[in-house]
Each structure stands twice: as structure tokens, then as C-alpha cells.
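Q: predicted model and sequence follow; I will ask about them next.
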2 protein chains.
Amino acid sequence: MTKYLVFGHKNPDTDAISAAIAMSYFLEKSGEEAEPVALGSVNDETAFALKKFNCEAPRVVSQVSQEVNHVALVDHNEPQQSVEDLGQVQVDYVVDHHRIQGFETAQPLYYRAEPIGCTSTILYKLFKEHDFDIPQAIAGLMLSAIISDTLLFKSPTSTHQDKDAAVELAKIADVNLEEYGLELLKSGTNLDSKSEADIVNGDAKNFTMAGRNVRVSQVNVVGFDDILTRKDAVLTQMKTDMDAYNYDLSLLVITDILESTSLGLVQGKDAEFIEKAFAGQISDQAISLPGVVSRKKQVVPQLTQAFEQ
Amino acid sequence: MTKYLVFGHKNPDTDAISAAIAMSYFLEKSGEEAEPVALGSVNDETAFALKKFNCEAPRVVSQVSQEVNHVALVDHNEPQQSVEDLGQVQVDYVVDHHRIQGFETAQPLYYRAEPIGCTSTILYKLFKEHDFDIPQAIAGLMLSAIISDTLLFKSPTSTHQDKDAAVELAKIADVNLEEYGLELLKSGTNLDSKSEADIVNGDAKNFTMAGRNVRVSQVNVVGFDDILTRKDAVLTQMKTDMDAYNYDLSLLVITDILESTSLGLVQGKDAEFIEKAFAGQISDQAISLPGVVSRKKQVVPQLTQAFEQ
């Protein structure tokens, strides 16, 4: 029997981990052999969710082709966000909610993307369509992913489908949606336990924009005070990464999850594109991003457009 | 309201036309404004199906961006098989059953692909998932697409899902599946009414293989005699197209739908890759392709691999 490794993107967030676990379970129920793995260790928020629902973190891998010939991707498709030896395995399944960029296959495959808030919402629909029951722990993880990706439905990426799925999953997981939701989101905002590298690279993605190598990181906080006391150290970390990995531009989006607004920190020679994208001014490498909470909907398209104009 | 134009690939076959009509109806039922169009005139088989179920052929377009900003693709995703100004519109929906190559978006989208015999089978599942009734005429067209793409379930691309959908659609369309199936397939095999250009370009797709521009055409027949009497003229047509459009290699797969086997005609300087791909010998620009009926499963991957090795 074909064995599948199932994984989300590098720098995994709660959806990348939960969707890998849920999709792996879905494939097993469909008669395939599957194992969820992760392209990095879990963040504080995901650790909180895993502990809450008594689940183990998936094993961390950086390559897969020495183990399997077939993989399933969740919560991403862009090769630079994926495993380094992706080109040496066959992708048979993708479940995702992002744009499609640089993704190619030699064979027909199962590809299911929808422009909604969370991969786990699509997986919830898949379970329903196939009439598969969702175990309590997996429901809890999928619920956590939806809360995380939609910032408890405050993100502009959130749809009624995400909300509906979350309400049903909360019932199966036996938790109060609002209470658990706030608890989960807050669990990821404590900066005291985070190094500058954790802050900058904990949830970071690379994008190619008009030929430039652009890094967009995001970190959730409650209030900007804690991070501003560490601003210089964070900027230094961004510069170090930029030099090491040849980023042309690096943007850290610091999102206040209670106020639903963000502050950006900027490194790189193409910073004027950030001012253009957000119609604002950078001052001391910082830019106010009022109302911005979604990298996917409020940062990446705007920045891509600014580069391409 | 956003208006969608919905279309299949260039040189439309029965699935490209039927899936565009069915997807357009699906979008309308979902509350969108949509119109099916075609990137070329319909072939004999499709004309037979349209007549049988009293449907009009979709209007033919070569550009869409002067009319709409949003489109839905069916039965293809590769830009060179699509409308020429695809880059100037936003693709919000894709329903397809092919590999993914060269397809990119700036925004998240709805993408539904499955590795099964026919796009119309996926659409049948979509209608079921949404609990939408399928009108008799659209059911008849979707059924015709499945029969055409799977050669009445004889193609290796055919799955039990295609068969199951066809059985249900035949009930809605009120036709005998086997009888209508043979009638439909035979309607596309009459070469008398076809010019050499029709034969070579009626169902032709371009592929990029290791940097080469490869054209793979297919024509259905009953027996090879008729086409062999026109072999020289067909090869001349292939050469003319090759010179006009800079193909590096052109392969015409002539498929006997009753015997489930094929004969290939070859033009171009990279012909040795065809011998390599099919472990056979080209003699007088012809090669026997025993058991081959599916371009997607039995021609394109083998040829791609031969080029890339």
C-alpha cells in the first residue's frame, strides 16, 4: 500500500499542524496509509491546543523522499513554503485555502482549494461529504485551527462557512467556542518566552514578488508595549536573516488580536514598496497598519501589486 | 453582480463544452451570473450530443477581458490551453481533472480537481453536494462528456466514480447508456467530413516538455483504413502547423475506439523521444501504440518522462 506523509507549510501554525493531523486521519479512513508530519516545531498556540486535546505534536522532518514516494499537502502549495525535496515525490492530494503559485505536477491529482478562512474548514466539509465521524480530539484541533486562522472570526478572510464549521466542531470537541477561542489566541501572544528569532521566524513565509525575495512574518500580541521595548533587537534579527537568506525585503506584521490592528517593522532596500502598498509612511523602520490582521488578504496582495505596478 | 464567463480548453471536446454549460448552470444556481463560452467551434461528436439534447453550442470567443474581469475554467488549467488574455482576468473557479502546470493566481480561489475520467463527473458530485437538481438536457451533456472522455469506460482514466455518475445521469437524461454511448462515439469518427486540418487540430493540445514545444493531437476512428489512405496529406498538414507555430514535435494519436488501440503519426526533429517513450519503432513516420487510448494517461506522462530523462 502507498504510504502518504501529510504536512503543512514550513514554520507551521495551528492550521498547518491540525490540518495535517485531520487530513492524515481522513486518508486512513479512505483506506490509505498516512502519517502527519511537520516542517518545524509547533508554536506556543499550537502546543496549547495539542495539550488541551491530549494530542502529540507530529514528528518534524525536513526531507520526505527517503521515506515515501507520495505526499499530501495541506494549508500550502507554493514550493518554497514546502519540504525541500518536494520535487522528488509525487503530490497526490492538496487541501488548501491560498493562491496557487509555482505549484506543478506531472500527473492528475486531487486538489481542493476554497477561498475561505481555514484549511480545516474545507476538511470539515470533506468529512461531512464522506459521512466520516470526526473524533473529539481531531475536532478540537480543527476548531483551534479555525479560531487561529480567523482570529475568532474577526479576520476579513473569515466566512460563514468557517463560523458554521467552528460551531459544529466546538460541539464535538465539547468546548465553549468564545471562551476557548480567547484562551487559545492569548496562549500565542506571550512574548516573554520568545527569542527575537522566535518572534521573527515563528510564523514567516517567503514570497516571490516581481522577482524579489520577500519575507512576510506575523506575530500576535495583546498590546504593542512589550514588543516595542525589544524593537531594536527584533530589527537586528530581521537584518541577520535577510543577509543569511538573501531576502530583498522583510516585513514583520505585529497584530494586536484584541484591537484587530497591526504595526509593521521593516528591513530591506525595497521599503518604499511597503509605503506604496499601505499608503502610509515608514518612520524609524515602523509603519502603522490600521485594521490589518490578515497577511493573506491585507498584506500579500497589496504588496504584490505595489511591486508589479 | 460579478459576471463569469465559463470555458473549457482550446479545441474543445465534448467535456470542455458540456462542463462549461454545466458549471455555468451551477454558478447561476449558486447565485452568480454566468455564461458558458467556447474557445473554438464544436466537433462532430459534441454537435451530435448538443442536437440530441436540444442545446445550443456556446458562443465562440478568443478573448474575454473586454467583457468580464472574472472567469471560471473547466477541463483545463494550463495557460497555453486557455484563452489568450487569461492573464488579464481573475480566475475564481477551476474544475478540472488534469495535472497542474503553469497555473498561478494572485488570490485564493476555488479549485477542484480529482484524478478521475471526466470533469463532468466532478461537476456531478458538486451538484449532489449542493443538493441542486440537474436539468435533463444538462444531464445528457454531462453524460456525453463522460462517455467521450472514458471511451465508454474503456479508457484507463475511467474510474468507478465516472461509471456511477454516468448511470445516474443516463437516468435523468432518459437514454440507454450503452446504446447512446456507442452512437455518440461513432458520431465523432467519420473522417469523410473532416479536412486534414480538422483531423490534426480538432482535438490537439500543446505541452511544454523539457523546454520543447510539443503538440499532441488525437482523433477517434473505427478502423485505420480511411486515415491511412490520407496519411501523406495528414503528415503534410502536421508539418505546415509545425512550421507556422514552431512546434518541436507533433504527434497525432489515431485511436480505434472499438478495438481500444492506437496508431501514431509523427513529425519533428525530436522523434527519437517518441520511440523511447513507447519502446517502439517509427517506420515511415508511423508508430504502433498498442492498447493506447488515453492521451493524458498513456501518452503525455510517458513522453514527458522520455524528454526529461
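A: Alright, I've got the coordinates. Residues are numbered from 1 along each chain as shown, chains lettered A, B, ... in the order given.
Q: could you list the domains of chain A?
A: A:3-187, A:196-308 (the TED database).
Q: now mean neighbour count too, for those domains, in a markdown table please.
A: Bear in mind the C-beta positions are built from the backbone N, C-alpha and C, glycine included. Compiled in a markdown table, the domains of chain A are given as follows (neighbours: other C-beta atoms under 10 Å in any protein chain shown):
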| stretch | mean neighbour count |
| --- | --- |
| domain A:3-187 | 21 |
| domain A:196-308 | 18 |
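Q: the ones you listed: which one's closest to residue B:261?
A: Nearest of those to residue B:261, taken as C-beta to C-beta: domain A:3-187 at 22.5 Å.
Q: what about the closest one and chain B, any contact?
A: Yes: with C-beta under 8 Å from any C-beta of the partner chain as the criterion, chain B is reached by domain A:3-187 at A:92, A:97-115, A:129.
Q: picking that back up, got the domains of chain A as a markdown table, with mean pLDDT and distance to residue B:37 columns?
A: Formatted as a markdown table, the domains of chain A follow (pLDDT from 0 to 100; distance: least, C-beta to C-beta, whole Å):
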| stretch | mean pLDDT | distance to residue B:37 |
| --- | --- | --- |
| domain A:3-187 | 97 | 23 |
| domain A:196-308 | 94 | 27 |
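Q: I'd like to know which of those domains lies nearest to residue B:70.
A: Using C-beta to C-beta, these put domain A:3-187 closest to residue B:70, at 12.1 Å.
Q: from the chain's centroid, how far away is the closest one?
A: Between the centre of domain A:3-187 and the centre of its host chain there is 9 Å, according to C-alpha atoms, centre = their mean, to the nearest Å.
Q: now the end-to-end length of that domain.
A: Start and end residues of domain A:3-187 are separated by 34 Å (C-alpha to C-alpha, to the nearest Å).
Q: one more: stretch A:189-205?
A: Terminal-residue distance, stretch A:189-205 (C-alpha to C-alpha): 19 Å.
Q: list the contacts of residue A:54.
A: Neighbouring residues of residue A:54 by C-beta atoms under 8 Å, 6 or more residues apart in numbering or on different chains: residue A:137.
Q: how does it look with 10 Å?
A: Listed by C-beta atoms under 10 Å, 6 or more residues apart in numbering or on different chains, the contact set of residue A:54 reads A:136-137, A:140.
Q: same question for residue A:180.
A: Residue A:180 neighbours (C-beta under 10 Å, 6+ apart): A:49, A:52, A:140, A:143-144, A:147, A:152, A:170, A:173-174.
Q: make a markdown table out of the domains of chain A and add distance to residue B:254.
A: Compiled in a markdown table, those are given as follows (distance: least, C-beta to C-beta, whole Å):
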| stretch | distance to residue B:254 |
| --- | --- |
| domain A:3-187 | 23 |
| domain A:196-308 | 43 |
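Q: the strands in the stretch 151-300 of chain A, which residues?
A: All strands of the stretch 151-300 of chain A, identified by DSSP state E, counting those that start in this stretch, fall at A:204-209, A:212-221, A:249-256, A:261-268, A:286-289.
Q: closest one to residue B:161 among those strands?
A: Among these, strand A:204-209 sits nearest to residue B:161 (C-beta to C-beta), with 35.0 Å.
Q: what's the closest one packed up against?
A: strand A:212-221, helix A:231-245, strand A:249-256, helix A:295-298, helix A:300-308 (3 or more C-beta pairs under 10 Å, 6 or more residues apart in numbering or on different chains; DSSP states H and E).
Q: so which of the ones you listed comes closest to residue A:6?
A: Distance to residue A:6, taken as C-beta to C-beta, is lowest for helix A:295-298 among the helices and strands packed on strand A:204-209, at 21.6 Å.
Q: tell me how far that closest one lies from the chain's centre.
A: That offset, for helix A:295-298, works out to 11 Å (C-alpha atoms, centre = their mean).
Q: quick one on the thing from earlier: quick one: closest of the helices and strands packed on strand A:204-209 to residue B:122.
A: helix A:295-298 (25.9 Å).
Q: re earlier: from the residues of domain A:3-187 next to chain B, which land in strands?
A: Of the positions in these, A:92, A:110-113 sit in strands, assigned by DSSP state E.
Q: as a markdown table, these with distance to residue A:210 would be great.
A: Shown next, in a markdown table, are those (distance: C-beta to C-beta, whole Å):
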| residue | distance to residue A:210 |
| --- | --- |
| A:92 | 32 |
| A:110 | 32 |
| A:111 | 26 |
| A:112 | 29 |
| A:113 | 24 |
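Q: state the pair within those residues that is farthest apart.
A: A:92 and A:113 (15.1 Å).
Q: so what's residue A:177 up against?
A: Per C-beta under 10 Å, 6+ apart, neighbours of residue A:177: A:143, A:146-147, A:152-153, A:163, A:166-167, A:169-171.
Q: how about a cut-off of 7 Å?
A: Applying C-beta atoms under 7 Å, 6 or more residues apart in numbering or on different chains, we find residue A:177 in contact with A:166-167, A:170.
Q: nearest residue to residue A:150 in space, please, no chain neighbours.
A: Nearest residue to residue A:150, sequence neighbours excluded (C-beta to C-beta, 6 or more residues apart in numbering or on different chains): residue A:158, at 3.7 Å.
Q: was I right to think the one you found contacts residue A:115?
A: No: using C-beta atoms under 7 Å, residue A:158 is not in contact with residue A:115; the gap is 11.6 Å.
Q: quick one, helices of the stretch 51-200 of chain A?
A: A:119-129, A:136-150, A:160-173, A:177-187, A:196-201 (DSSP state H, counting those that start in this stretch).
Q: now residue A:39. Nearest residue, chain neighbours left out?
A: Closest to residue A:39 by C-beta to C-beta, 6+ apart is residue A:10, at 4.5 Å.
Q: now for that neighbour: which residues touch it?
A: A:39-40, A:81.
Q: now render those residues as a markdown table, adding distance to residue A:27.
A: Supplementary listing: the contacts of residue A:10 in a markdown table, determined by distance: C-beta to C-beta, whole Å:
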| residue | distance to residue A:27 |
| --- | --- |
| A:39 | 18 |
| A:40 | 22 |
| A:81 | 21 |
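Q: residue A:35 belongs to a strand?
A: Yes: under DSSP: H, G, I helix; E, B strand; the rest coil, residue A:35 sits within a strand.
Q: could you give the bridge partners of it?
A: residue A:5 (DSSP bridges).
Q: report the contact partners of it.
A: Here residue A:35 is in contact with A:5-6, A:24 (C-beta under 7 Å, 6+ apart).
Q: identify, from these, the entry nearest to chain B.
A: residue A:6 (17.1 Å; C-beta to the nearest C-beta).
Q: for the closest residue to residue A:2 other than its chain neighbours, give me its contacts.
A: Closest residue to residue A:2 in three dimensions, ignoring its sequence neighbours and counting by C-beta to C-beta, 6+ apart: residue A:70, at 5.1 Å. For residue A:70, the contact set (C-beta under 7 Å, 6+ apart) comprises A:2, A:4, A:89-90, A:92.
Q: turn the residues you listed into JSON lines, including distance to residue A:269.
A: As requested, the contacts of residue A:70 are exported to JSON lines (distance: C-beta to C-beta, whole Å):
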{"residue": "A:2", "distance to residue A:269": "47"}
{"residue": "A:4", "distance to residue A:269": "42"}
{"residue": "A:89", "distance to residue A:269": "36"}
{"residue": "A:90", "distance to residue A:269": "39"}
{"residue": "A:92", "distance to residue A:269": "41"}
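Q: nearest to chain B, of the residues you listed?
A: Looking across these and measuring by C-beta to the nearest C-beta, the closest to chain B is residue A:92, at 7.6 Å.
Q: the closest one and residue A:73: what is the separation?
A: According to C-beta to C-beta, to the nearest Å, residue A:92 stands 9 Å off from residue A:73.
Q: repeat that for residue A:179.
A: Distance from residue A:179 to residue A:73, by C-beta to C-beta: 33 Å.
Q: what of residue A:176?
A: 33 Å.
Q: kindly report the same for residue A:257.
A: 27 Å.
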